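> Quick one, structure for this:
(one chain, ligands or ions: 1)
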Amino acid sequence: MSGDDTAPTIASAVCRNKDDPTKQDTSKDSSPQNNQTTPNDRHNDPYRVQVKSEFLYEERPAILAQPKNNTERKAENDNNDNRSGKNTKNRGQNKKRPRDAKISSNQKACLQVIRGETCPFENCKYNHDLKEMLANRLEDLSEGEKGAEWLRGECPNWKLKGYCPFGLMCRLGSCHINMSTGQNMRRAVEEQEQPPVNEDAAAGNTDDSNGTPKPGTLLTHQHDVKNVISKETIIKLRKNQYPFVCKRHYEVTKQNGKNNPKPNDESFPTEESTNTPALELKERKLIDFRNKVYIAPLTTVGNLPFRRIMKQYGADITCGEMALSHELLQGKPSEWALLKRHPCEDVFGVQIAAGHADQYTRVAELLANEPELEVDFVDFNLGCPIDLVCEKGAGASLMLREKKLRGSLEGVTKVLNCPVTVKMRTGWDEKRNIAHLLVPSIQKWGIDGISAVMIHGRSRLQRYSKLANWDYIAEIAKSQSTDLRQIPVIGNGDIFSYTDYETNVLSRVANADGDDGCSNNLLPTAMLGRGALIKPWLPTEIKERRHWDISASERLDILKDFVRFGLEHWGSDQQGVNHTRRFLLEWISFLHRYVPVGMLEVIPQKMNQRPPNNMCGRSDLETLMLSTNCADWIKISEMLLGPVPDDFAFEPKHKANSYS
Ligand SMILES: Cc1cc2nc3c(=O)[nH]c(=O)nc-3n(C[C@H](O)[C@H](O)[C@H](O)COP(=O)(O)O)c2cc1C
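Next comes the predicted model:
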């Protein structure tokens, strides 16, 4: 990754040495640190990050935004409530969603015009006047007083493919729009690929208000499902006409007794469907999880652009965000988009949550049948603690329903020829952990194709509070019968440095070879959750066994890459910019928790330690990146994506980024 310290406004504007404002950020020297720690007896609080005293300020640095007082906060909340139309038309919408720049229909280009054709629709509400649109076009993100200069000439689609399907709507379009005619240009690039983005999106043909595609629109910014599922399949799913192989489905549900489909159920097997030939079973592929860095599924923040960053920093295995089976079965593009894989993800899994065997099995059929969709493994979600998911019998509540779980695993493994993994918590309630009973049960079912069980070392009720219980994870790994095929166990929780990995995982893998007669199924695998979010370079640290004192400008470079990947993935028009900003801010709500190694009194920082709230970094940029204030995160987003509208607001979605 290139550390471009000279060009961007950002670097020159804020990346200064703390003592001498004229000096650039000198923390760029990122030589490996040894594992020396300096115990600080004076502040021996295990729940606080021990920061060197010179990095604690008494007077708030000018670079930081002033925190809001209670009156301002209340006014803002009231304003948000009004805007979201509380209890009226916007009920059910995520009220925390940032308010983005609105684009009227007239500002959107008609698809036909962008293509240089005549629009066949009489009442088309989109704009047909290229000249007018050109005159009213929003300026490039890199232009203007507060523009993100570093993006100049960087339309990612144009750069990569020689064509930007967003045409006039592209917020970086100066490089590919003929400014006198409004024509969207093409240029020859080696190995030119087909434009990957939907042209409906290019013309803005999506419903901005809630991100739902209009009828007939398949691909949208957020829901670009090209290379995931065919348009025909989506249509069949929406019309309830997908020809599931009900015979197998029937066999699976029959084992579960009471959940057999009723004769009137749409899923009840018909004469015809029970005669459908079984899917051809191919040889099952294997995945070796040992000595790998595996990025855990992470809803919202574990998106495709983030996973590309993780691959750059040494992640071996990646997994998509949790997808809900009933939404997949309804043919919802936004849900299918969660299964999208980037070519750099060489070992990629998808995670499915369902409460019933027939749902799991049907999704598996779709995964098996869709030629575009290539997944290396399918992960069962038995860990999601959210009420909405658990109430449907999915997520962590599936841990409590063994029969359903067994039927689901049998159904899915019969249909798929890729490995299946199960990710679970320790149990529902920490006082009654059950994973050490469930894992041996799964083993006894003798289902071929289950290649690993991942244990997040907390109960459902604990969510993210308390430390992950690694002793219990080791106990689970030893709980299986030695007479049967052993299922490998991967532990997960609180890995925030290479020493955490060595202490929690490697030492237990080594110790378990001991003479207590128990077999050792704990794999030497670094499964990262929040560690990857807060320190995306953590895979490198683990592989190189070092605490990396990465500089603020290097960290900014990571964010620049994310923005480039985001504009490529979500689109480079205003809506794509809005999505990219939103996901960037969600990520920063984790990233700010990192305290640079060079500022630490005691190395390494631990996941559960709360940093002091009066820290300043070694440069203004580092100080800004340490800020816990949303206003400062927005400021960072403005450096990267240009200014936000005046009434822009953001609140992070995930409570898991708290320290509690
Ligand atoms: C923001 C966030 C989103 C998550 N989303 C998922 C998910 O979609 N599926 C899942 O199985 N676990 C999810 N998890 C749990 C993680 O995969 C992981 O098990 C957990 O964070 C424990 O690891 P950690 O202590 O290293 O963070 C999520 C965790 C976080 C913080």
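> show me the contacts for the residue of the chain found nearest the ligand.
Here the residue of the chain nearest the ligand is G529; by CB to the nearest ligand atom that distance is 2.6 Å. To be clear about C-beta, it is placed using only N, CA and C from the backbone, and glycine gets the same treatment. With contact taken as CB atoms under 8 Å, 6 or more residues apart in numbering, G529 is in contact with 296, 298, 456, 492-493, 495.
> repeat that for 6 Å
Shown in contact with G529 (CB atoms under 6 Å, 6 or more residues apart in numbering): A296.
> Could you report the distance from it to Q443?
For G529, the distance to Q443 (CB to CB, to the nearest Å) stands at 25 Å.
> Likewise for E430?
Per CB to CB, E430 is found 23 Å from Q443.
> Among those two, which residue is more densely surrounded?
For E430 against Q443, the residue with the higher neighbour count under other CB atoms under 10 Å is Q443, and the figures read 20 against 17.
> Which secondary structure state does that one sit in?
helix (DSSP: H, G, I helix; E, B strand; the rest coil).
> surely it meets D483?
No. Assessed by CB atoms under 6 Å, Q443 is found out of contact with D483, at 9.9 Å.
> Got the confidence number for the residue of the chain closest to the ligand?
Looking at G529, its pLDDT stands at 98.
> Could you do N504 as well?
Residue-level confidence at N504 comes out at 97, pLDDT.
> Find the residue closest to it in space, skipping its chain neighbours.
Ranked by CB to CB, 6 or more residues apart in numbering and with sequence neighbours excluded, the top spatial neighbour of N504 is W470, at 4.6 Å.
> Run a quick neighbour tally on the one you found.
By the other CB under 10 Å criterion, the neighbourhood of W470 contains 22 residues.
> tell me the centre residue of the chain?
The centre of the chain sits closest to G302, judged by CA atoms, centre = their mean, with a distance of 1.5 Å.
> Test my guess that it contacts E321.
Yes. Here G302 lies in contact with E321, judged by CB under 6 Å, at a distance of 5.1 Å.
> which residues do these two both contact?
Common neighbours of G302 and E321 (CB under 6 Å, 6+ apart) do not exist.
> Around the ligand, pick out the residues from the stretch 251-400 of the chain.
If contact is defined as CB under 6 Å from any ligand atom, the residues of the stretch 251-400 of the chain in contact with the ligand are 296-299, 301, 321-322, 351, 381, 383-384.
> which one among these gets closest to E139?
The nearest member of those to E139, counting by CB to CB, is V301 at 30.0 Å.
> Surely that closest one forms part of a strand?
No. Per three-state DSSP, V301 lies outside any strand segment and is coil.
> For it, give me its contacts.
533, 586-587.
> Taking these, please make a ChimeraX selection of just the buried ones.
The ChimeraX command for the buried members of the contacts of V301 (criterion: 16 or more other CB atoms under 10 Å) is given here:
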select :533,586,587
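> Ignoring the adjacent residues along the chain, who's closest to R284?
Leaving aside its sequence neighbours, R284 sits nearest to N417 (CB to CB, 6+ apart; 5.1 Å).
> Figure out the helix or strand that the one you found lives in.
Secondary-structure element containing N417, defined by DSSP states H and E: none, the residue being outside all helices and strands.
> what about it, neighbour count?
As a burial measure, N417 scores 15 neighbours (other CB under 10 Å).
> Burial check on V577, number of neighbours?
The burial metric for V577, expressed as a neighbour count using other CB under 10 Å, is 25.
> wait, I meant D647
10.
> Report pLDDT for it.
Checking the pLDDT column for D647, the value is 84.
> and what of N492?
Among the per-residue scores, N492 shows a pLDDT of 97.
> That one reaches T525, doesn't it?
No. Under the contact definition of CB under 6 Å, N492 does not touch T525, with a separation of 9.0 Å.
> What parts of this structure come near the ligand?
The chain comes close to the ligand at residues 296-299, 301, 321-322, 351, 381, 383-384, 423, 456, 468, 492-495, 528-531, 654, 656, as judged by CB under 6 Å from any ligand atom.
> again, only this time at 5 Å
Applying CB under 5 Å from any ligand atom, one finds that the chain approaches the ligand through 296-299, 322, 381, 383, 423, 456, 492-494, 529-530, 654, 656.
> The stretch 451-600 of the chain: helices as residue ranges?
Remark: helices assigned in the stretch 451-600 of the chain by DSSP state H, counting those that start in this stretch are 470-477, 498-501, 507-511, 530-534, 538-544, 552-570, 574-591.
> cool, and the stretch 101-250 of the chain?
Defined through DSSP H, counting those that start in this stretch, the helices belonging to the stretch 101-250 of the chain, from first to last, are 111-114, 130-136, 156-161, 199-202, 231-238, 246-255.
> can you tell me the helix or strand for the closest residue to A357 other than its chain neighbours?
In space, and not counting its chain neighbours, A357 is closest to G407: 3.4 Å by CB to CB, 6+ apart. Assessed by DSSP H and E, G407 sits inside helix 402-415.
> Just the C-alpha atoms of that helix, please, in CSV.
Coordinates of each C-alpha in helix 402-415 appear next as CSV, following Å, rounded to 0.1, in the frame of the first residue of the first chain:
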residue,chain,number,x,y,z
GLU,A,402,-31.2,-30.2,18.4
LYS,A,403,-33.7,-32.0,16.1
LYS,A,404,-34.1,-29.0,13.9
LEU,A,405,-30.4,-28.5,13.8
ARG,A,406,-29.8,-32.1,12.8
GLY,A,407,-32.5,-32.0,10.1
SER,A,408,-30.9,-28.8,8.8
LEU,A,409,-27.4,-30.2,8.7
GLU,A,410,-28.5,-33.4,7.1
GLY,A,411,-30.5,-31.5,4.4
VAL,A,412,-27.7,-29.1,3.6
THR,A,413,-24.9,-31.6,3.5
LYS,A,414,-26.9,-33.9,1.2
VAL,A,415,-27.4,-31.1,-1.2
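> Next SSE downstream of that helix?
In N-to-C order, the element after helix 402-415 by DSSP H and E is strand 420-425.
> Whatever helix or strand comes next after that next one: partners in the sheet, and parallel or antiparallel?
The C-terminal neighbour of strand 420-425 among helices and strands, as given by DSSP H and E, is strand 427-429. Each strand paired with strand 427-429, and its direction, by DSSP bridges: strand 432-433 (antiparallel).
> The strand it pairs with - what's its average pLDDT?
Mean pLDDT, computed over strand 432-433, is 94.
> now swap in stretch 621-634 and tell me
Confidence over stretch 621-634 (mean pLDDT, whole number) is 96.
> May I see the buried residues of that stretch?
Of the residues in stretch 621-634, those buried by neighbour count under the rule 16+ other CB under 10 Å are 621-627, 629-630, 632-634.
> One more: stretch 126-133?
Of all the residues in stretch 126-133, those buried under the rule 16+ other CB under 10 Å are 126-127, 130, 133.
> hang on, the earlier thing: can you list the residues of the stretch 251-400 of the chain next to the ligand in a markdown table and add secondary structure?
Supplementary listing: these in a markdown table, determined by three-state DSSP:
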| residue | secondary structure |
| --- | --- |
| A296 | coil |
| P297 | coil |
| L298 | coil |
| T299 | coil |
| V301 | coil |
| E321 | strand |
| M322 | strand |
| Q351 | strand |
| N381 | strand |
| G383 | coil |
| C384 | coil |
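> Buried ones among those?
296-299, 301, 321-322, 351, 381, 383-384.
> quick check, nearest of those residues to G173?
G173 has its nearest neighbour among these in V301, at 28.8 Å by CB to CB.
> Look up how far E410 lies from that closest one.
In this structure, V301 and E410 are 33 Å apart, going by CB to CB.
> Same check on W570?
Here the criterion is CB to CB. By it, W570 lies 38 Å from E410.
> which one of these two has more residues nearby?
More neighbours surround W570 than the other of W570 and E410, with 27 against 22 (other CB under 10 Å).
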